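Novice: Only the shape, not the letters, is given here:
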């Protein structure tokens, strides 16, 4: 039997009451969540219990009133997802929304995650929290993999990072989970999503909470960190803390081992520091300035073409290929193809070979794919497969000066533009920098295009055949 929403209580009571949300925070009665509870107290304008810890976490004095925007930069396994899921339930289920909801409308408490796996984890936290509460479980009306309809005209939902899923909804709370790592088809949608959500949150006086391990020094999380960290009058609360500060049950030895193995990565993963060894590889504005108004250039006589392929086995990554030629000092991209998984690799090789032969080519260069089937499959299709002498990072590094000099002409291809613009450059001591896609991102289209664009046209051997 379903029941109406319980009466409103303060968040600390809700988070520590065994009948409400305490089951979501194991050990909350033993002090394991004290740092997070003080963050919640400050966020809601309540007196904090440890002023020194508060100052260390936030760099500011506690607010005297409730704030409706906060960003928590905390290390891995620091309890971010659990506390944010609990606050999502608190904001959605323990406020009276009847006066704000239009007839038939549900007020939504949403967790927006970087990908489906993280969204699924957040949903499991919220459903588990509702079912573990003898008070809240009676509110459940209907549950799906992505939402829970609740009594009182409210809904808990998880979404992946896309601004399209945000528009047209009224939010009680929006949790931006791992905000620094949002990627969607190679794009960084953080600005668009928050821009779409903030008007709806303003109408409901809803809470916007961004939680994340930090990443490189750009994006909306970094800009809001700079704008609000340590300011007593800031409209948003920002905390920054290592994993062990927020979760004292996490063994320090785990952090020490990670630091010993890869210190730059561990410092952002567990110490919640922004990465100084990562930077954006190329500005999106520059990439867009090189895009022509055509999606594909057909083969023409008099051009020497070259082709590059980024091979995939048909499960995890896309299978991509690109063809290019030179016009004077400018490298012209003529064709880009992407086949997303799942697919039959042999069939895709045949499709790729058809495009290559259409441009009068008899060979293609590609990455050093481990499977022997690649050479055989292309050979069967009448194309010679040549492993590239350079890896993807070296191809990108060779492409950059061509782009900055305006000696590249790209095609209209959203995925290509987005993947190039999202590439990250990692500074290495004593050696050449490396370039790769960000975590949760992809660069299959960009890799194929870069390989075709930077390859020097050869005038002997088999490439004479494509001059027509």
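Specialist: Cool, got the structure. Keep in mind it's a predicted model, so treat the numbers as computed, not measured.
Novice: From now on I want contacts and neighbour counts done on CA atoms only, so please keep to that.
Specialist: Fine.
Novice: Point to the residue nearest the middle of this structure.
Specialist: Among the residues of the chain, the one closest to the centroid is residue 182, at 2.0 Å (CA atoms, centre = their mean).
Novice: For stretch 338-354, what is the distance to the chain centroid?
Specialist: Centroid separation for stretch 338-354 versus its chain: 27 Å, with CA atoms, centre = their mean, to the nearest Å.
Novice: With the flanking residues excluded, which residue is spatially nearest to the residue nearest to the centre of the chain?
Specialist: residue 114 (4.8 Å; CA to CA, 6 or more residues apart in numbering).
Novice: quick revisit: quick one, grab the pLDDT at the residue nearest to the centre of the chain.
Specialist: Looking at residue 182, its pLDDT is 78.
Novice: Adjust the sequence numbering to begin at 51 for everything that follows.
Specialist: Will do, 51 is the new start, and the previous item becomes residue 232.
Novice: And it, how close does it get to residue 491?
Specialist: As judged by CA to CA, to the nearest Å, residue 232 and residue 491 stand 9 Å apart.
Novice: just residue 303 next, same as before
Specialist: Going from residue 303 to residue 491 by CA to CA gives 30 Å.
Novice: out of the two, which sits in the more crowded spot?
Specialist: residue 491 (20 against 9; other CA atoms under 10 Å).
Novice: Point me to the helix or strand that includes the more buried one.
Specialist: In the assignment (DSSP states H and E), residue 491 maps to no helix and no strand.
Novice: Hmm, residue 225 and the residue nearest to residue 232 touching each other?
Specialist: No. Counting by CA atoms under 8 Å, residue 164 stays clear of residue 225, with 11.4 Å between them.
Novice: so the residue nearest to the centre of the chain makes contact with residue 162?
Specialist: No. Using CA under 8 Å, residue 232 makes no contact with residue 162, being 9.5 Å away.
Novice: joint contacts of these two?
Specialist: Listed as contacting both residue 232 and residue 162 by CA atoms under 8 Å, 6 or more residues apart in numbering are residue 211.
Novice: The worst-scoring helix or strand of the chain on mean pLDDT pairs with which strands, and in what direction?
Specialist: One helix or strand of the chain scores below all others by mean pLDDT, DSSP states H and E: strand 328-330, with a mean of 77. Applying DSSP bridges, strand 328-330 is found paired with strand 474-476 (antiparallel).
Novice: Can you list the buried residues in the partner strand?
Specialist: Buried residues in strand 474-476, counted by 16 or more other CA atoms under 10 Å: 474, 475, 476.
Novice: okay, those in a markdown table with pLDDT next?
Specialist: Putting the buried residues of strand 474-476 into a markdown table (pLDDT from 0 to 100) gives the following:
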| residue | pLDDT |
| --- | --- |
| 474 | 87 |
| 475 | 86 |
| 476 | 83 |
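Novice: which among the residues you listed gets closest to residue 96?
Specialist: residue 474 (41.1 Å; CA to CA).
Novice: Which strand residues bridge that closest one?
Specialist: Beta-bridge partners, per DSSP bridges, of residue 474: residue 330, residue 486.
Novice: How many residues are close by residue 302?
Specialist: If you count neighbours by other CA under 10 Å, residue 302 ends up with 11.
Novice: pLDDT below threshold where in the chain?
Specialist: Counting by pLDDT under 70, the low-confidence segments of the chain come to 51-57, 151-154, 212-218, 233-238, 420-421, 479-481, 490, 506-518.
Novice: who are the neighbours in contact with residue 229?
Specialist: By CA under 8 Å, 6+ apart, the contact list for residue 229 reads 163, 164, 240, 260, 261, 262, 271.
Novice: mind redoing it with 6 Å?
Specialist: Contact partners of residue 229, counting by CA atoms under 6 Å, 6 or more residues apart in numbering, are residue 262.
Novice: roughly how far apart are it and residue 85?
Specialist: Distance, residue 229 to residue 85, using CA to CA: 21 Å.
Novice: so which strand or helix has residue 258?
Specialist: Taking DSSP H and E as the definition, residue 258 sits inside strand 257-262.
Novice: Which elements pack onto that strand?
Specialist: Using 3 or more CA pairs under 6 Å, 6 or more residues apart in numbering; DSSP states H and E as the contact test, the elements touching strand 257-262 are strand 119-124, strand 221-227.
Novice: so how far is residue 131 from residue 227?
Specialist: Counting by CA to CA - residue 227 and residue 131 are separated by 7 Å.
Novice: what helix or strand does residue 90 sit in?
Specialist: Using DSSP H and E, residue 90 maps to helix 84-93.
Novice: residue ranges for the helices of the stretch 201-350 of the chain, please.
Specialist: Remark: helices assigned in the stretch 201-350 of the chain by DSSP state H, counting those that start in this stretch are 240-254, 269-278, 293-296, 302-311, 313-319, 334-339.
Novice: just the ones you listed: most buried one?
Specialist: Across the helices of the stretch 201-350 of the chain, averaging neighbours per residue (mean count of other CA atoms under 10 Å) puts helix 293-296 on top, at a mean of 23.
Novice: Okay, residue 317 and residue 478: tell me how far apart.
Specialist: For residue 317, the distance to residue 478 - CA to CA - is 16 Å.
Novice: same check, this time on residue 382
Specialist: 31 Å.
Novice: now do residue 328
Specialist: Taking CA to CA, one finds residue 328 at 10 Å from residue 478.
Novice: The two: which has the busier surroundings?
Specialist: Per other CA under 10 Å, whichever of residue 328 and residue 478 has more neighbours is residue 328, with 21 against 11.
Novice: and the gap between that one and residue 494?
Specialist: Distance from residue 328 to residue 494, by CA to CA: 20 Å.
Novice: Equivalent analysis for residue 164, please.
Specialist: Residue 164 is 19 Å from residue 494, by CA to CA.
Novice: do the same with residue 427
Specialist: Applying CA to CA to residue 427 and residue 494 gives a distance of 20 Å.
Novice: So for residue 388, which of the helices of the stretch 201-350 of the chain sits nearest?
Specialist: Closest of the helices of the stretch 201-350 of the chain to residue 388 is helix 334-339, at 19.2 Å (criterion: CA to CA).
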